[in-house]
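Novice: coordinates only, sequence not included:
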């Protein structure tokens, strides 16, 4: 039983990070129908900026984190302005390739600025672990899980319910009608990209704290895709739920199924679950039902 | 002019400029044509998953060969003329991003440019280029010391150190012979589990002969568990091993993976109760930096001595690398790159002395793989102490390389002793 | 649009691929050039052409799937792996002759593609793209864990042999690859002229309308997957028999993105676009790698990181700029150039 709780705790922690990044992904998709494949790089660059500030420039940690988050937002803004804005009106596949090319570019830029040496933050989280039902769960892992959930829930709640986000929800429904009602869709587009940059920087912070910052972070971006689909592509609570579910299932699978098949099942499991959902419930757990019977 | 048309002019102008730029850039010859040039090719993943180690290898090799050329090149006695001559090394390098198709494309391109030896950086790339090596008769040296690549031994594959499983064997040796009497009560057993990644690289640690060896040495083997390279935490696997009674955990991957493992052991509060053994590729300064305090007391095998150690040869090597790359962070893996450089210099010198100029790929392969049982290269000291024998005998009983058994103490790597790696990979 | 003076008098002429004597001339010249290429080409150019042809066949498969039928596929690299492994296993372990293994590899890959294309019955567009992305990861996982594929160590296979002739030099492999590529290009050209091709284009443009008109959308979508992956399987088989070794690492996600990029850069929907895009993408990739050391010499004091980092940066940047200014691809740019030359000095 303790193994189960162990895996569950780990799964929740990594799921929290998936949730936060999935949130950014979903926000962009909801408002602009753009599939952003560059979230992994946002994660990576955000984490590296925080590293630079705290270790290389020796700023105090909260200042470093703040600068990192603002940097992530600024990066999102730049990407939207320079890469997505000129592509308005183009077929959606071109925009996907654009974000893929953007991810190559940002990958190269990250190596250019920070090199490929792995880095780590100064330790700021409590050490050791505490016992939950026989499982020792690292305190820093729990902290990250709670942190990602709080931030994810806060942003998600704002965009889902708050009055200030009504223009964004209107733009997400239908660009034409929203514009007729006076909503500036371009401004909304910029806003969601900035928010995505911010949440990805947060995810990068937590990931870097537990795991260390290196050039493997961009790969996390791609793992978000099953999370988004399971939760529902246009649903914000779905993104968070999907992230947690995929994180937990990945870990449980790797713990229980790996010994049976000889290893490596984590990624495959996430995608198998995604395909099963796509076949039987394409709109995910919380997504909008759009049924086309062809 | 309309905005869109102007944009298109800019685009096409840029494309044409780039094309010509790349074409001209590719043509720039590095050295003049009067000097005898021996061309060698080098393809490593300078961007991609393992870029930290590969960039270090590449910087060290580029610096090494540039320095060699500046000192006049390789001096040899041409057997055809009997005169003393010089040859410089034309080091053609490229990035393959750790993608196999790019590595293969680099190999074929460099073969077209006339290389006589190839340096390879990825396991998948080496496996793919292995067949091409045999066909195109260009020997290669590779990074992934897995059994499938190294044995059965043939002249198209040169290695500079023992296979991963052999160095693990050296570790088992030391643990059972010297660690056990000092740390376990009489009759206590070493129980070892492996936590590694599910790749050829990660699993290279364990061959059937290694399991038999462990049994022979009285080490109880608890099995292999996998963790993902991107995993944030490996406590479930560690807990699982500890529940089976493990007092040693072994790992074979890169430093970030190993540091995650060390942190997981630390999170469970097991530092000191469960010992960590790291194999060749992961025990370096990056591990210590990333694992922080959790690295203390980790034991492992290193390819060579440490380039940051203070001795004449290492000092000289550091100066050479810093001359060309002043902003780089020197760490352990730079020493590995220097190792390659020295090896290749020795091999090409032997080939030139035996076959004269110009060389073919087969000449170089034969020189590395001399069938007379006498090593090509005995180490003059420095990074590698003792004799570093590179032969020859197909069953490779001479491939029993010395390696350094290291411990991480107070944030630094210290050599405990130099050990002899048993030849497990060809049993 | 055909230029002034080129007109059709009957249906056959309208559907002809080669229409004017000039086009015939160029075609024959090109065929002769390609056939005699090994006699004056260096080793490097021969192997480059072999890689290019394999890439082109792959892109053709994706062209049928994406350009004609409009189904996005992000897993083509893994499908190529299926073809490579099938061909390797058949020739190495079952001793089946290459000429039989080649089409078999294609068929097996087509069937695997069909399995992953089944969700296209329920989902469209993006969602389908993600299923194929899942295929990419799941198939690579399968390659790494099956006994028969050699697991994470990969496997080797013998050279292709046609009867007593063993294809072991680059020149011979070049002829085989070029011949197969030529056949595949012909197939693809023909496909778009037939009923099946028109049905696929109808499905791409608006599947609802196609269904209303009587085109069985499900059947044609699955057929598109089968044919698209058949081509990729053939490419995979050629790849395996060129390298004579197959390993899961040879089919990463990066290559899938490259194929997709080739289609987009060349222009979706046209064969000319697919081939040009393939050549440009592969060639550009090669050029960046060749130029990296020269770039390093330009910035020597900043460490080995600069040059390799610039590679992906320039690559990504050029694709981005290309997409912004030439969103309809090279084919459209070429057509624009041709028509502007034809119509000069008039603007339209």
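Specialist: Perfect, thanks for sending it. Values in this document were obtained by computation on a predicted structure and should not be read as measured data. Residues are numbered from 1 along each chain as shown, chains lettered A, B, ... in the order given.

Novice: Identify the residues contacting residue A:246.
Specialist: A:15, A:18, A:223, A:226, A:227, A:230, A:270, A:273 (Cβ atoms under 8 Å, 6 or more residues apart in numbering or on different chains). Where C-beta positions appear, they are placed from N, C-alpha and C, glycine not excepted.

Novice: 10 Å - rerun?
Specialist: Residue A:246 makes contact with A:11, A:14-15, A:18-19, A:22, A:223-231, A:269-271, A:273-274 under the criterion Cβ atoms under 10 Å, 6 or more residues apart in numbering or on different chains.

Novice: Among those, which lie within helices?
Specialist: Using DSSP state H, A:11, A:14-15, A:18-19, A:22, A:223-231, A:269-271, A:273-274 are the members of the contacts of residue A:246 that sit in helices.

Novice: From these, list just the buried residues.
Specialist: Of the members of the ones in helices among the contacts of residue A:246, the ones counted as buried by neighbours, 16 or more other Cβ atoms under 10 Å in any protein chain shown, are A:11, A:14-15, A:18-19, A:22, A:223-231, A:269-271, A:273-274.

Novice: Keep only those of these that are also close to chain C.
Specialist: A:223, A:225, A:226, A:228, A:229, A:269, A:270, A:271, A:273, A:274 (Cβ under 10 Å from any Cβ of the partner chain).

Novice: Verify the contact between the fourth one and residue A:221 for me.
Specialist: No: because the distance of 11.1 Å does not satisfy Cβ atoms under 10 Å, residue A:228 is recorded as not touching residue A:221.

Novice: quick one: common contacting residues for those two?
Specialist: For the pair residue A:228 and residue A:221, residues contacting each of them under the criterion Cβ under 10 Å, 6+ apart are A:21, A:24, A:25, A:39.

Novice: Let me have the residues you listed in TSV, adding secondary structure as columns.
Specialist: Listed next are the shared contacts of residue A:228 and residue A:221 as TSV, based on DSSP: H, G, I helix; E, B strand; the rest coil:
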residue	secondary structure
A:21	helix
A:24	helix
A:25	helix
A:39	helix
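
Novice: Let's have those residues in a markdown table, adding neighbour count and distance to chain B.
Specialist: Supplementary listing: those in a markdown table, determined by neighbours: other Cβ atoms under 10 Å in any protein chain shown; distance: Cβ to the nearest Cβ, whole Å:
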| residue | neighbour count | distance to chain B |
| --- | --- | --- |
| A:21 | 31 | 13 |
| A:24 | 33 | 18 |
| A:25 | 28 | 18 |
| A:39 | 29 | 15 |
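
Novice: Which member of the residues you listed is positioned nearest chain C?
Specialist: Of all the shared contacts of residue A:228 and residue A:221, the one sitting nearest chain C is residue A:25; the distance, using Cβ to the nearest Cβ, is 12.1 Å.

Novice: Now do the contacts for the residue nearest to residue C:78 when sequence neighbours are not counted.
Specialist: For residue C:78, ignoring the flanking residues on the chain, the nearest one in space by Cβ to Cβ, 6 or more residues apart in numbering or on different chains is residue C:139 at 3.8 Å. With contact taken as Cβ under 10 Å, 6+ apart, residue C:139 is in contact with A:268, C:75, C:77-82, C:85, C:112, C:116, C:248, C:251.

Novice: Export those as TSV, with columns for pLDDT, secondary structure and neighbour count.
Specialist: Formatted as TSV, the entries for the contacts of residue C:139 read as follows, by pLDDT from 0 to 100; DSSP: H, G, I helix; E, B strand; the rest coil; neighbours: other Cβ atoms under 10 Å in any protein chain shown:
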residue	pLDDT	secondary structure	neighbour count
A:268	83	helix	22
C:75	90	coil	30
C:77	94	helix	25
C:78	94	helix	32
C:79	95	helix	34
C:80	95	helix	33
C:81	94	helix	32
C:82	94	helix	26
C:85	94	helix	31
C:112	94	helix	25
C:116	90	helix	23
C:248	90	helix	26
C:251	92	coil	29
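
Novice: I'd like the distance between the nearest residue in space to residue B:159 that is not next to it in sequence and residue B:140.
Specialist: Spatial nearest neighbour of residue B:159, chain neighbours left out: residue B:150 (5.6 Å); criterion: Cβ to Cβ, 6+ apart. Per Cβ to Cβ, to the nearest Å, residue B:150 is found 12 Å from residue B:140.

Novice: Which residues belonging to the host helix or strand of residue C:171 are considered buried?
Specialist: Under the criterion DSSP states H and E, the helix or strand holding residue C:171 is helix C:170-193. Applying a neighbour-count criterion of 16+ other Cβ under 10 Å, one finds C:170, C:172-178, C:180-181, C:184-185, C:188, C:191-192 buried in helix C:170-193.

Novice: which of those residues come close to chain B?
Specialist: Counting by Cβ under 10 Å from any Cβ, the subset of those that neighbours chain B consists of residue C:170.

Novice: between the buried residues of helix C:170-193, which is nearest chain B?
Specialist: The shortest approach to chain B among these belongs to residue C:170, at 8.4 Å (Cβ to the nearest Cβ).

Novice: Put together JSON lines for the shared contacts of residue A:228 and residue A:221, with pLDDT on each row.
Specialist: Output for the shared contacts of residue A:228 and residue A:221, formatted as JSON lines (pLDDT from 0 to 100):
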{"residue": "A:21", "pLDDT": "89"}
{"residue": "A:24", "pLDDT": "87"}
{"residue": "A:25", "pLDDT": "89"}
{"residue": "A:39", "pLDDT": "89"}
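
Novice: Generate JSON lines for these, with distance to chain C as supplementary columns.
Specialist: Written out in JSON lines, the entries for these read as follows (distance: Cβ to the nearest Cβ, whole Å):
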{"residue": "A:21", "distance to chain C": "16"}
{"residue": "A:24", "distance to chain C": "17"}
{"residue": "A:25", "distance to chain C": "12"}
{"residue": "A:39", "distance to chain C": "14"}
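
Novice: Pull the contacting residues for the residue most central in space within chain C.
Specialist: Among the residues of chain C, residue C:59 comes closest to the average C-alpha position under Cα atoms, centre = their mean, at 1.6 Å. Contact partners of residue C:59, counting by Cβ under 10 Å, 6+ apart, are C:66-67, C:76, C:231-232, C:235, C:258-263, C:266, C:271, C:273-279, C:281-282.

Novice: now residue C:279
Specialist: With contacts defined as Cβ under 10 Å, 6+ apart, residue C:279 is in contact with C:52, C:55, C:56, C:59, C:262, C:266, C:330.

Novice: In helices, which of those residues fall?
Specialist: Using DSSP H to define helices, the subset of those located there is C:52, C:55, C:56, C:59, C:262, C:266, C:330.

Novice: from those residues, which is closest to residue A:139?
Specialist: When these are compared for distance to residue A:139 (Cβ to Cβ), residue C:262 wins out at 49.1 Å.
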